Structures are given as structure tokens and as C-alpha cells.
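1. everything below, folded, please.
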Amino acid sequence: MPLPQSAPAWAADLVLAYESGAHGQFILHGNVSDRLPVEGRLVTLHRWLEEELLSGFDVVFVYDLGNGLRVARGAEAVEAWRGGEKAGPLPRAPLEAVELVGRWVRYLANLRALGRPEKRSVACILRGADRILPAGNDGGHEQGSLVSLVRDWAGEAPFSEVAFASFLLADGLTDLHPLLSSNPRVSRVRVPLPEAAPLAQALTLLQRQHPAAFDAESGELGASAAAFVGVSISALESLVKTRSHEQRPLRPADQAHVKKELVERDSGGLVEFIEPRRSFADYHGQEPLKAWLRQDVALWRAADLRALPMGYLVCGPVGTGKTFLVECLAGEAGVPVVKLKNFRDRWVGSSEGNLEKIFRLVRALGRCIVFVDEADQALGRRESGSGDSGLGGRLYSMVAQEMSDASNRGRVMWVLASSRPDLIEVDLKRPGRVDVKVPILPTATVEESAALLSALLGRLDLAVAPADLLPLSPPLLLTPGAAEALSVKAYRLVRTAGIAPLEAVRRCLEGYQGPVPPDIMEFQMRLAVREATDLAFVAPAFRHLASPERTGA
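-> Predicted coordinates for the structure are as follows:
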């Protein structure tokens, strides 16, 4: 199994494992449905395995549920062994197909035992192995037999005694039957989303085939490839073909928007891709916090990673602008934000598979922020009880392991947001996963309320100075969400009643009640203050909410 010149980086470990005799069975999981650029064309992964990696093998079987078993190489020898045309077509059912492959290998082993060795190397590729041998599917005796036979391929005689290699292609490792995915005799190879180099090769081929999708403004394809990291080659190929048909060239100005669409489509709606369009210049107040975050961004840009946090916990009452702060942080750092959506599924193993897809995307993006809103609900718990069959605990374990991966420091920054940080597992909030805990609090003084309200009125083109608002006694504990609602209400009065902006604000403040009851507001503020990494993040007026041992009381 020589390593082809066109081989992707992950294939080197696979070849080493086979050539050294360490492993004969390989589970390829992840981006296995994508294409690869090979010698002037784009080919699927299984075709690359057949034609490139396994070019030196005498017999290559390929099986999938739709097409059944076929012999990609060495068909004459197999047909002669089966008895020619009298044997009929190759089997379509998985158990019969696997049994036939097994009998062929045993036939070669028997010849060897009789002193008539056939020096034939054999390989078998199972496409869609997670559908042929799925996790959590009790298919009875037939399914159990199928799993047992394929597991034997990994190291039982005679498969370990002849030149035999098997490849199981699965979208997600957790979607495959655990007797196979956890087999210590199996080599598990993660196929990542393409990096900039293969994307550049693919764009070069596509430009040659579909020139109408490119123009002079496209610039160097290397720069375009770097902009599309995180996108599969298949998705990029579809985009180029569509643009070529429409005679609408792909320009640099389109890349951010197009990448967002492609990433969200590729992820199956599991993530929302938020482009960094804001900065701390758009964020009002919290000056000590912004100064700290700007220092972290400076360290990130300078690649000085030793003091860079692995993650943040942003906590505070509802409506305080936690999501907005994350968007501003991303814009300041100049990196995209991947916002996790609902990745839980009712099917066994699907939630874990969805999480694997998200991690695969995040690893491919390079520098990015992973944002988990309502983290107390989304990330599961260590002890989830029997109500969800242990799903919450498994998801928690996967997230915890990914968050603590030291190789992600400087590449992936996790940001958890919650108004109930007390419900997030303590182990997820520990240093090494979340190093900085940031409280986002409402206004502490009338002056802060006036300044916040003035800023949000300005966004609606209502020019009202903070000094003019002070006599109206704007309420304390004003959140950005509440201030925005007041601003919109004032704007509506200006437009419908034809009154001055200041008078509209005065009317809106008459009999005003906050959207969050005072007791709930104070409870959530207390939680946020007690979580804070540094009391410098907390306004002096709220520091009494901290634990007594932290305030020295």
C-alpha cells in the first residue's frame, strides 16, 4: 500500500498502520462524502481508495446498500472461483456480501495451507458502514452475525494471515456499531474538512472547467481558498457550477456571505455562522471588561497563547446583551462565530453524531469562536439520570473533552452564555475549559441608564443627549434589551404622534415597569457577580452581591 503522491495528510498514518502490520481494518469517519483533487479531476473518497491507495491490490471489493457488492479490481479471478455465469449475480444483501468476501479470503488462506500460495492482496470497502452496521439497532441474529463477521476481519485468522485490508466509511464514528467502533484492533482515521491547500487545488480545477464563475477580481486562488476553509469541496463545486450557469462570477466581496451559506448548509442546520460585523466600539459601558478583552485579542493576534484563555463564561440577567458582547468580541478579533443550535435528536446515536459534525467543522475553520447560548440547557450534565438513557451525560463528556483539548488554545475559543450559570456543571467551568467568567449587569446609576438610553435612541436617529434624559430619572437596573424596547416605543410615538423625541421618552417612562421582576433580576445578578473571575468587572454598586469571603465582609 504505497502512499500516492496526491494523498491527503491523514492517509500517511493509515499507510503506516497497514505496512507495519499494526492494523488491517480502518474506520474512516468524518468528511467521507466529500471529493478530493487528484491529477486534474475531483473524485470521491471511495474512488480514490480504489484507484489510488489500493492500486497495488489484486482484488478490491466494494459494497454499499444501494448497489450491492461489486468487484472493482480482479473480477476475472473472483468470477472464475465462483463458477462463472452459473454462479449468478453478486449478492446485494449485506450479510451475503460479507460472507462472500470472507469465503474468498478463506479460499486464499486454504491454498496457502496446502502449499499452493496465491500471492493475492485483497481489500474490501464498505461504503455507508454506519447504515450497514448502525449503532443501537437491534437487528436480531442476522445483524449480530454481520457485526461479528466484519469484526473478525480486523484481526482474526485467516484475515490476519493474508494480505487483507478492510475500510469502513462512516459519517460519524458514534453512528457505527460500538463493537466495531471501539474494537482495539481497528485503526480509526478522522477525515477532516479540506484545508487551504486542497481547496486551492480544487479551485484551480474548477476555474479551468467553469471560467464563467471566476473573473479578474477573484485574485489569487490561494487567498480565495483560505477564505473558504471550513467548506467542503463538494459544496464549493456546486457553488461554482451554479455561478457558471448564471454567468455570475464569484467575487471577493461575496466570499463571506457565500461561506456562511455553505457552512450552514453543510452542517445540516446544526450551527449558525455569524460574521464578525461589530467591535467594542459598538458596545456601551463595561469599560474594565472591554479593556481586559482587548488585551486578550491583542495576545491572540500576536500568537502569544500562554496567557490566552481557553474559554469564557458570559453570565448575567436576561436582556443584558450577552450575545451582542460575543459578536463584538468576534469582530474585535476578526474571526467568525459558530453558534451552536439544537444538535439533540430523538434517534439513538444521532445527537452524538451531530456533535461530531460540529467539532469537525470547528477544527477545519481555524481561528474561530464557538458560542453556546443557554449553555445550562444545551451542554447536558455529568449525571443525566435515566430519563434520557444517558444521552445528556454522553454529550457532556464529548463537550468537556473538546473544550479541554490544549491543542485548540489559540485556534478555538469557547464562549458559554447563561443567565443561570449555577446550573452549568462545575467541571465545565473550571480553568482549562473556562478561564474567564464575565458578568454582564444592568445599569447601576441614573447616569449609566441615561447614557445607555441615549445611545440606543441614536441608533433610531432620535438625537437625545444623556444630559437631557437625566431630569426624567431613567430607571436603574436598565438592561440593553429593556432600553431598546423603550427606544422603539419612543420612536413609534415620534412617528405616529408627531411629538419631539424627548417628550416621547418622557411619556414612555411614565408608569414604566421593567420586563424582569425585581426579585428575579436580583437573583440572576447575584449569580453573575459570584461567578465573576475578577470583581474589577463588577460595578462598585453591585459588589455587595458577591460572596462575603470575596468582599472581605
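2. tell me which helix or strand comes right after the top helix by length along the chain.
-> The longest helix of the chain (DSSP state H) is helix 94-113. Later in the chain than helix 94-113, the nearest helix or strand by DSSP states H and E is strand 122-126.
3. what's the angle from that following strand to helix 94-113?
-> With axes from the mean of the first three to the mean of the last three C-alpha atoms, to 10 degrees applied, the angle from strand 122-126 to helix 94-113 works out at 170 degrees.
4. quick one: the residue lying closest to Leu45 once chain neighbours are set aside and Glu237, what's the gap?
-> Excluding the flanking residues, the one nearest Leu45 by C-beta to C-beta, 6 or more residues apart in numbering is Val32, at 5.3 Å. To be clear about C-beta, it is placed using only N, CA and C from the backbone, and glycine gets the same treatment. Per C-beta to C-beta, to the nearest Å, Val32 is found 16 Å from Glu237.
5. between these two, which has more neighbouring residues?
-> When neighbours are counted by other C-beta atoms under 10 Å, Val32 comes out ahead of the other of Val32 and Glu237, with 23 against 19.
6. in the stretch 101-250 of the chain, which spans are strands?
-> 122-126, 164-170, 186-191 (DSSP state E, counting those that start in this stretch).
7. Gly66: which of those strands is closest?
-> strand 122-126 (12.7 Å; C-beta to C-beta).
8. that closest one to strand 164-170, inter-axis angle?
-> 10 degrees.
9. so which residues make contact with strand 122-126?
-> 46, 49-50, 54, 57-64, 72, 101, 104-105, 108, 132-133, 150, 153, 162-169 (C-beta atoms under 8 Å, 6 or more residues apart in numbering).
10. each with direction, which strands does it pair with?
-> Strand 122-126 sits in its sheet next to strand 59-64 (parallel), strand 164-170 (parallel), going by DSSP bridges.
11. mind checking which of the ones you listed is nearest Glu503?
-> Nearest to Glu503, of those and by C-beta to C-beta, is strand 164-170 at 65.8 Å.
12. so that closest one versus strand 186-191, what angle?
-> Going by the same axes, to 10 degrees, strand 164-170 makes 50 degrees with strand 186-191.
13. mind listing what's buried in strand 164-170?
-> Within strand 164-170, the residues scored as buried using 16 or more other C-beta atoms under 10 Å are 164-170.
14. ok, the residue nearest to Leu45 - contacts?
-> With C-beta under 8 Å, 6+ apart, Val32 has these contacts: 45, 169-171, 191.
15. Arg251: how many residues sit nearby?
-> 16.
16. quick check: it vs Trp104, distance?
-> 54 Å.
17. from Pro192, how far off is the one residue sitting closest to the centre of the chain?
-> By C-alpha atoms, centre = their mean, the chain has its centre lying nearest to Ile358, at 2.2 Å. Using C-beta to C-beta, we find Ile358 at a distance of 13 Å from Pro192.
18. go on, Phe57?
-> 25 Å.
19. thinking again about what came up before, filter the contacts of strand 122-126 down to the buried ones.
-> 46, 49-50, 54, 57-64, 72, 101, 104-105, 108, 132-133, 150, 153, 162-169.
20. isn't Ser187 right up against Ala17?
-> Yes. Assessed by C-beta atoms under 8 Å, Ser187 is found in contact with Ala17 at 4.6 Å.
21. so what sits against both of those two?
-> By C-beta under 8 Å, 6+ apart, Ser187 and Ala17 have these common neighbours: 23, 26.
22. give the full set of residues in contact with Trp40.
-> Let me fix one detail, which is that residue 40 is Gly and not Trp. Gly40 makes contacts with Leu205, as judged by C-beta under 8 Å, 6+ apart.
23. at 10 Å instead, please
-> Gly40 sits next to 201, 204-205, 208-209 when contact means C-beta atoms under 10 Å, 6 or more residues apart in numbering.
24. do Ala97 as well
-> Per C-beta under 10 Å, 6+ apart, neighbours of Ala97: 61-65, 68-70, 90-91, 124, 126, 132, 146.
25. and the two most separated of the residues you listed?
-> Arg70 and Leu146 (18.4 Å).
26. look at those two and report which has more neighbours.
-> Leu146 (21 against 14).
27. from Ser187, how far out is Asp34?
-> For Asp34, the distance to Ser187 equals 20 Å [C-beta to C-beta].
28. just to revisit the earlier point, what would the buried residues of strand 164-170 look like in JSON lines with distance to Cys328 and pLDDT?
-> Formatted as JSON lines, the buried residues of strand 164-170 follow (distance: C-beta to C-beta, whole Å; pLDDT from 0 to 100):
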{"residue": "Phe164", "distance to Cys328": "57", "pLDDT": "94"}
{"residue": "Ala165", "distance to Cys328": "51", "pLDDT": "95"}
{"residue": "Ser166", "distance to Cys328": "51", "pLDDT": "96"}
{"residue": "Phe167", "distance to Cys328": "46", "pLDDT": "97"}
{"residue": "Leu168", "distance to Cys328": "45", "pLDDT": "97"}
{"residue": "Leu169", "distance to Cys328": "42", "pLDDT": "96"}
{"residue": "Ala170", "distance to Cys328": "39", "pLDDT": "94"}
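29. what's the farthest-apart pair in those residues?
-> Phe164 and Ala170 (19.8 Å).
30. any idea which helix or strand in this structure has the lowest mean pLDDT?
-> helix 548-551 (a mean of 64; mean pLDDT, DSSP states H and E).
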